[in-house]
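*Asks:* give me a 3D structure for the following:
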Amino acid sequence: MNKDTFAVTPECTIVYPSIFEPESFKGGEEKYRAVLLFDKSSDLSALKTAIIAARSLKFPGKDSEFFKTLKYPIRDGSVKAVDKDGKPDPTSFYHDRLFMTVKSDFQPQVVDKSNLPILDPKAIYGGCRVVVAVAFFGYGHLGNYGVSCSMRAIMKIADGDPIGGGRLDTGQVFAAYIDKTTPQDMLRNNPALISKPDFYSDAADNIGF
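*Replies:* Below you'll find the predicted structure:
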């Protein structure tokens, strides 16, 4: 691992995570992947430094004009925050955020804040808060040039509001429909549900049961 092209993201929101099983996107090769959402106030300096190192390593001797033509992994969410007609959509979770798509051919390590492995796929869902270890690399093929990144490890920092297909808080979503009847209420309203245990008998009354 080249430490110059390696970085850890600031705390961010993960969406569309395929962390425990690889998935194919638009018929492409199966990969582990996720999208990371950053607040625009986030300190991305460590990521930018690693990106600069990766492009210099891949394209030595190139000037600033060439670097301006490259595709970069950190993008403005406005390109995604649009409705079906292509108009700006302020309700999109991409709105007023930066985002970065991360991929890997190998399953990344996933740990909690105690650095213990997370084995439950449901624990990493769209909307939870994470930090991610990533490695940047330059690429050039068939006229496409840029810098991309591979995710190496994920640490879950906190739960968050589910988005992008994440799990729902059913207690909140269905609050108006939840049956508040307690087991005690059920017995009180249905005396027929109260029955003696199999061992209970009139004879048992005589021995203190």
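*Asks:* longest strand of the chain?
*Replies:* strand 144-158 (DSSP state E).
*Asks:* that strand: which residues count as buried?
*Replies:* Y145, G146, V147, S148, C149, S150, M151, R152, I154, M155, K156 (16 or more other CB atoms under 10 Å). (C-beta placed from N, C-alpha, C; glycine too.)
*Asks:* elements contacting that strand?
*Replies:* strand 31-39, helix 45-58, strand 97-104, strand 109-111, strand 129-141 (3 or more CB pairs under 8 Å, 6 or more residues apart in numbering; DSSP states H and E).
*Asks:* burial of K80, as a residue count?
*Replies:* Neighbour count for K80, taken as other CB atoms under 10 Å: 16.
*Asks:* check contacts around it.
*Replies:* S92, Y94, F99 (CB atoms under 8 Å, 6 or more residues apart in numbering).
*Asks:* what residues does stretch 55-65 touch?
*Replies:* With CB under 8 Å, 6+ apart, stretch 55-65 has contacts from N2, D4, T5, F66, F67, L70, F137, G138, Y139, G140, Y145, V147.
*Asks:* what subset of these is buried?
*Replies:* By 16+ other CB under 10 Å, the contacts of stretch 55-65 give T5, L70, F137, G138, Y145, V147 as buried.
*Asks:* show me the domain layout of this protein.
*Replies:* The chain is divided into the following domains under automatic domain parsing: 3-158, 170-205.
*Asks:* worst average pLDDT in those?
*Replies:* Of all the domains of the chain, the minimum mean pLDDT falls on domain 170-205 (a mean of 58).
*Asks:* the nearest residue to L98 once chain neighbours are set aside and V15, how far apart?
*Replies:* Spatial nearest neighbour of L98, chain neighbours left out: F38 (4.4 Å); criterion: CB to CB, 6 or more residues apart in numbering. Per CB to CB, to the nearest Å, F38 is found 12 Å from V15.
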